[in-house]
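Student: Sequence plus the predicted model coming up.
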Amino acid sequence: MRQKIVAGNWKMNTNREEAESLAAALSSQFIGGSGVKMVVCPPFPWIMSVNQLLSVTEIAIGAQNCSGQSSGAFTGEVSASMLASAGVSYVITGHSERRSLYNESDADVLTKTLKILGENMTPIVCVGETLQERESGRLEEIISRQITSVLNGLNKDQIASIVIAYEPVWAIGTGLTASPEQAQEVHAFIRSLISGISGAEVADSLPILYGGSCNPGNAASLFACPDIDGGLIGGASLKAADFISISNSF
């Protein structure tokens, strides 16, 4: 059975007090034993304090990005090894905001994925199409390019160690959400791509998350789809009750 995962991407939100208050609320409301892995990805400065507050729970700490470089004169960058030493277990890479706002390429995503794996952390590799790409009939072309550019650079064991997040770019921060049918169709397509590269056994065991305005109101219908294994949650992860509710939606 595939691991169910609900990961919260706080993005560039919260000051220290807000981050610690949110972490404390999650800690007090968290009830373990459901089999769902919860992950929170706070901004870099709050990783250590949030990690400490959540250490009494089974909630894992993630990061929103990392450098493709190991160390050196790269002012402002944060390496995978730094994150690992801070207790991070998951790292988001290839998020649509990184691709569109910071011009990160498929090659950059592969480089970062390898760095994350090299530090024994789990990459959450994001893929997704824009509204224009979907409406022009290029959805499968775009998803296929993004998936294969990463997976073709990994060996079978490495592929089995990653998580994929499908995020329809047109549904991020807009309030729009892909219907369960739309999301399931793309998740099944992604799983077929993985199977073609690494075999059915790996494909069947690899978690694929949905990211795109997932909230307590639609999580259960999305998570009921056979190829949707959880969510990469944005705005709703900034409210402890909403995030807990989403994690309880399986």
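Tutor: Everything's here; your move.

Student: Show the average pLDDT along stretch 5-13.
Tutor: The predicted model assigns stretch 5-13 a mean pLDDT of 98.

Student: Report the distance from it to the chain centre.
Tutor: Centre-to-centre, stretch 5-13 and its host chain are 8 Å apart (CA atoms, centre = their mean, to the nearest Å).

Student: Return it as CSV; C-alpha atoms alone will do.
Tutor: Output of stretch 5-13 as CSV, limited to C-alpha atoms (Å, rounded to 0.1, in the frame of the first residue of the first chain):
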residue,chain,number,x,y,z
ILE,A,5,1.1,12.1,2.6
VAL,A,6,-0.3,15.5,3.3
ALA,A,7,2.4,18.2,3.0
GLY,A,8,1.9,21.8,3.9
ASN,A,9,3.8,24.4,1.9
TRP,A,10,3.7,27.6,4.0
LYS,A,11,5.4,29.5,1.2
MET,A,12,6.7,33.0,2.2
ASN,A,13,4.3,33.4,5.0
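
Student: List the buried residues in that stretch.
Tutor: By neighbour count with 16 or more other CB atoms under 10 Å, stretch 5-13 contains the buried residues 5, 6, 7, 8, 9, 10, 11. In short, each C-beta sits where N, CA and C put it, glycine included.

Student: contacts for it?
Tutor: Residues lying outside stretch 5-13 but in contact with it, judged by CB atoms under 8 Å, 6 or more residues apart in numbering, are 19, 22, 36-43, 62, 64, 90, 92, 95, 97, 124, 163, 165, 207, 209, 211, 229-234, 236-238, 243, 246-247.

Student: residue at max distance from the center of this structure?
Tutor: Relative to the centre of the chain, the most outlying C-alpha is that of residue 73, 28.2 Å out, by CA atoms, centre = their mean.

Student: can you give me the end-to-end distance of stretch 125-134?
Tutor: Using CA to CA, to the nearest Å, the span of stretch 125-134 from its first residue to its last is 20 Å.

Student: Rank the helices and strands of the protein by mean pLDDT and give me the bottom one.
Tutor: Scoring the helices and strands of the chain by mean pLDDT, DSSP states H and E places helix 131-135 at the bottom, with a mean of 88.

Student: Which strands or helices does that helix pack on?
Tutor: Here helix 131-135 is seen to pack against helix 139-151 when contacts are counted using 3 or more CB pairs under 8 Å, 6 or more residues apart in numbering; DSSP states H and E.
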